[in-house]
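K.L.:
Quick one: sequence and predicted model below, then my questions.
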Amino acid sequence: MITSPAWKDKKYAVLGLARSGRATVEALLAAGADVLVWDDRAEAREPYSGRCAIGDPLEADLTGYAGVVVSPGVPLNTHPIKPHADSFGVPVIGDIELFAQARADLPPHKVVGITGTNGKSTTTALVHHIFKTAGVPTTMGGNIGLPILEQEPLPEGGVYVLELSSYQIDLTYSLDCDVAVLLNITPDHLDRYDGDFAKYAASKNRLLDMQGQESYALVNWPAFASGVIHSGKAGFNGIMAADTEAQADWPSLSGPHNAENAGAAMSACAWLGLSVEQIEEGLRTYGGLPHRMERVADISGVAYVNDSKGTNTAASAPALAAFENIHWILGGLAKEPGLGECEAELGHVKAAYTVGKAGPDFAAQLEGRVPLEQCETLDRAVASAAAKAEAGDTVLLSPACASFDQYQDFEKRGDHFRELVEGLK
């Protein structure tokens with residue numbers, strides 16, 4: 001695990017004992033810190049009995065504490081822990097901030113931090129894959145993979161690749177990424193920012209603001225030109241999309257959005273010293289991520305694509321742009337009204353199949369524009385789409401919605417789609 005001598009004999013409270021919380025507690029204890037832990041679930045607290053203090057930080061005297069470490073899922077704009085900690089002058093931080101504090105005692109390394117509304121996971125996994133293929137010691141963490149503090153430190157010359165949500169950035173104060181990537185900004189998670197898009201954009205922008213002059217920043221140029229984001233102290237460039245001819249040789253990176261993701265990854269890797277040949281080999285061999293334009297089967301000439309990670313309209317629009325003759329399965333728990341950026345891609349849609357809570361609203365917007373069927377559930381939608389699709393068509397699950405009306409998360413939704421498609425064989 002990753003620890004730091006800077007934590008020794010200091011007091012920390014950890015609120016929330018899911019995976020990142022547990023990793024945080026173990027790292028702090030290993031470093032010799034004095035830790036107070038709490039989770040509303042008694043079974044989550046039980047393993048720490050006798051190992052550290054157990055108690056709700058909201059009821060604790062936090063005088064002298066070095067920090068309250070919370071899960072990124074804790075809404076700082078409404079949860080009482082923030083004003084309570086503020087009253088004692090104690091910062092509310094996350095595990096990424098602890099990683100930033102530990103960097104001084106790790107073998108010499110580099111950090112690539114990647115944020116944006118859409119494309120973070122693909123770009124993070126792609127950068128990690130390119131470095132790994134080139135033989136550079138690397139790992140990925142943050143909002144993807146294992147909690148960063150749970151992982152073993154990299155040897156000298158290693159590269160940590162971090163996917164960072166706005167929630168994680170909100171809890172981080174000293175992470176100077178050697179390369180910071182801000183892919184795009186579209187309205188999302190605005191409930192955490194009092195409905196204010198400017199606050200959400202400012203949260204993302206803090207990844208750049210934490211950088212020093214010797215670092216590099218790669219930014220979404222339209223967002224910068226419009227004033228939504230600004231540059232920090234680091235030198236910066238706008239993201240340039242990869243060449244579409246070259247993109248044809250990267251089977252898991254189809255679509256214009258992946259041209260931008262690849263362009264960002266290419267620049268980040270080049271800035272940290274990889275050659276054109278090393279980068280090209282990584283792009284060519286990248287296998288993609290589950291639930292992100294994942295081609296799960298070809299049956300009788302029909303492609304079945306799982307893009308369950310398309311949880312808002314801006315995320316689904318690139319998937320619609322990447323294919324022709326689409327049988328589009330959409331719906332779930334809507335994050336915003338309307339079809340948003342998907343409007344411009346309806347020419348690619350051969351038929352639509354709506355599901356979930358937002359299904360009737362989407363059906364009303366699509367009525368008369370594309371052939372439409374209100375299916376309510378994913379199993380009905382897959383069965384109907386499979387019956388109507390012809391060779392050369394694509395059955396695409398890209399819901400443009402969150403999953404929580406019918407599924408635990410987008411992964412469970414995508415897994416169900418895969419199971420249904422497997423049943424068609």
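P.N.:
Received it, and whenever you're ready, just let me know what you need. Residues are numbered from 1 along each chain as shown.

K.L.:
buried ones in the top helix by length along the chain?
P.N.:
Counting residues, the longest helix in the chain under DSSP state H turns out to be helix 256-271. Within helix 256-271, the residues that count as buried by 16 or more other CB atoms under 10 Å are 257-269, 271. Where C-beta positions appear, they are placed from N, C-alpha and C, glycine not excepted.

K.L.:
Next secondary structure element downstream of it?
P.N.:
helix 276-285 (DSSP states H and E).

K.L.:
Quick one: list the elements packing against that next one.
P.N.:
Packing contacts for helix 276-285, counted by 3 or more CB pairs under 8 Å, 6 or more residues apart in numbering; DSSP states H and E, involve helix 120-133, helix 256-271.

K.L.:
elements contacting the longest one?
P.N.:
Yep, that's helix 256-271 we're talking about. Counting by 3+ CB pairs under 8 Å, 6+ apart, helix 256-271 packs on strand 109-115, helix 120-133, strand 179-182, strand 216-219, helix 244-247, helix 276-285, helix 313-322.

K.L.:
So what touches that helix?
P.N.:
112, 114, 118-119, 122-123, 126-127, 130-131, 134, 179, 181, 183-184, 216, 218, 237, 239-244, 247, 250, 253, 276, 278-279, 282-283, 293, 318-319, 321-322 (CB atoms under 8 Å, 6 or more residues apart in numbering).

K.L.:
Can you check what angle separates it from strand 109-115?
P.N.:
Orientation check (axes from the mean of the first three to the mean of the last three CA atoms, to 10 degrees): helix 256-271 against strand 109-115 gives 160 degrees.

K.L.:
Keeping just the C-alphas, turn helix 256-271 into CSV.
P.N.:
Only the C-alpha atoms of helix 256-271 are listed here, as CSV (Å, rounded to 0.1, in the frame of the first residue of the first chain):
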residue,chain,number,x,y,z
PRO,A,256,-15.3,11.1,-33.2
HIS,A,257,-15.4,11.2,-29.4
ASN,A,258,-12.7,8.5,-29.3
ALA,A,259,-10.6,10.5,-31.8
GLU,A,260,-10.6,13.3,-29.1
ASN,A,261,-9.8,10.8,-26.3
ALA,A,262,-7.0,9.3,-28.4
GLY,A,263,-5.7,12.8,-29.2
ALA,A,264,-5.5,13.6,-25.5
ALA,A,265,-3.8,10.4,-24.7
MET,A,266,-1.2,10.8,-27.5
SER,A,267,-0.3,14.3,-26.2
ALA,A,268,-0.1,13.2,-22.6
CYS,A,269,2.2,10.2,-23.4
ALA,A,270,4.4,12.3,-25.8
TRP,A,271,4.9,15.0,-23.1
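
K.L.:
what does the model give residue 335 for pLDDT?
P.N.:
Per-residue pLDDT puts residue 335 at 90.

K.L.:
So for it, what's the nearest residue that isn't a sequence neighbour?
P.N.:
residue 312 (4.7 Å; CB to CB, 6 or more residues apart in numbering).

K.L.:
Now do the contacts for that neighbour.
P.N.:
Shown in contact with residue 312 (CB under 8 Å, 6+ apart): 117-118, 186, 188, 335-336, 340, 400-402.

K.L.:
Pipe those into a markdown table and attach secondary structure and distance to residue 376 per row.
P.N.:
Shown next, in a markdown table, are the contacts of residue 312 (DSSP: H, G, I helix; E, B strand; the rest coil; distance: CB to CB, whole Å):
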| residue | secondary structure | distance to residue 376 |
| --- | --- | --- |
| 117 | coil | 29 |
| 118 | coil | 27 |
| 186 | coil | 28 |
| 188 | coil | 26 |
| 335 | coil | 20 |
| 336 | coil | 21 |
| 340 | helix | 22 |
| 400 | coil | 16 |
| 401 | coil | 14 |
| 402 | strand | 17 |
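
K.L.:
Many thanks, have a good one.
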